[in-house]
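> Predicted coordinates and the sequence they were generated for:
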Amino acid sequence: MKKFEEKKFNIPALKGISAKAIEEHLKLYAGYVNNLNLIHEIVENKDNPEYARREAYRRQGFEFGGMRNHEYYFSHFEGGPKPLSPESALAKKIVEWTGTTEFFIEIFKNLATTRGVGWAILGYDKNSDRLIQYWVDEQHLGHLPGVSIILALDMWEHSYVADYQPSGKKNYVEDFFQNLNWENVEGNFVSATK
């Protein structure tokens, strides 16, 4: 059985988000990878009871979503903060959709402060050639079929409470954008449009 592998990220010092918070957050990510591999061990072993295999499959979406969502999230910090080039394909698509990049960031921040645990996502739907932002509950409930993730912001408390306290959610979102490497986000968009 081929196993899923934990990716390594080169994350520089971040504004507002401590190295300790990132270290602990990466441990949670590793747990998703390990749990996903365990699920596959269970379902691929014909000696396991059918009930156990079905239950493992039921859990797969949560663990897989946790793994992939975090891979997008951590990749946004690699290379340090870089602005979105107004000449980039992504910036042009954002302006086509919302009128300005500033308005897009405003509505995305609004989405990110939705009550509950989950993810604020910007995706690209190749079939309709449009950007779509959406909320994912937990790690898996609400992903849109066929929509490629471009930008993923973790809004579970574990991503911000150690540095910001529960009342600091908005500050965390502001700092996320201060630390964001838009070139990496642009790379996700270019890959999704191919």
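All right, it came through fine.
> name the element the closest residue to Lys20 other than its chain neighbours belongs to?
Distances taken as Cβ to Cβ, 6 or more residues apart in numbering place Ala162 nearest to Lys20, at 7.0 Å, with adjacent residues excluded. C-beta here means a position set from N, CA and C on the backbone, and glycine is covered the same way. Assigned by DSSP states H and E, Ala162 belongs to helix 161-164.
> Report the buried residues of that helix.
Asp163, Tyr164 (16 or more other Cβ atoms under 10 Å).
> What helices and strands are in contact with the helix or strand following that helix?
Helices and strands here follow DSSP H and E; after helix 161-164, the next one along the chain is helix 169-179. Using 3 or more Cβ pairs under 8 Å, 6 or more residues apart in numbering; DSSP states H and E as the contact test, the elements touching helix 169-179 are helix 101-112, helix 161-164.
> next structured bit after helix 169-179?
That would be, after helix 169-179 and using DSSP H and E, helix 182-193.
> ok, so what distance separates Gly16 from Glu183?
21 Å (Cβ to Cβ, to the nearest Å).
> That should have said Thr100, apologies.
20 Å.
> now Val117
29 Å.
> picking that back up, Thr100 and Glu183: who's more crowded?
Neighbours per residue (other Cβ atoms under 10 Å) separate Thr100 from Glu183, with Glu183 holding more: 16 against 11.
> Skip the chain neighbours and tell me the closest residue to the more buried one.
Closest to Glu183 by Cβ to Cβ, 6+ apart is Lys82, at 4.8 Å.
> So what pairs up with that neighbour in the strands?
Here Lys82 sits in beta bridges with Asn181, as judged by DSSP bridges.
> on that earlier part again, out of the helices and strands packed on helix 169-179, name the one with the poorest average pLDDT.
Among those, helix 161-164 carries the lowest mean pLDDT, a mean of 94.
> now what about that one, what contacts it?
Helix 161-164 has contacts (Cβ atoms under 8 Å, 6 or more residues apart in numbering) with Gly16, Ile17, Ser18, Lys20, Ala21, Glu24, Gly168, Asn171, Tyr172.
> same question, stretch 46-66
So stretch 46-66 is contacted by 28-29, 31-32, 35-36, 38-39, 42-43, 45, 136, 138-140, 143 (Cβ under 8 Å, 6+ apart).
> before we move on, what about stretch 187-194?
Tyr72, Ala89, Leu90, Lys93, Gly123, Tyr124, Lys126, Ser148, Ile149, Ile150, Leu151.
> so how far is Asn35 from the residue of the chain positioned farthest from its centre?
Most distant from the centre of the chain: Asp47, at 35.4 Å, with distances by Cα atoms, centre = their mean. Counting by Cβ to Cβ, the separation of Asp47 from Asn35 is 20 Å.
> what's the answer for Gly168, then?
29 Å.
> swap in His70?
13 Å.
> Would you mind measuring from Ala30 to Asn179?
Ala30 is 21 Å from Asn179, by Cβ to Cβ.
> and what of Tyr172?
10 Å.
> Between these two, point out the one with more neighbours.
Tyr172 (23 against 18).
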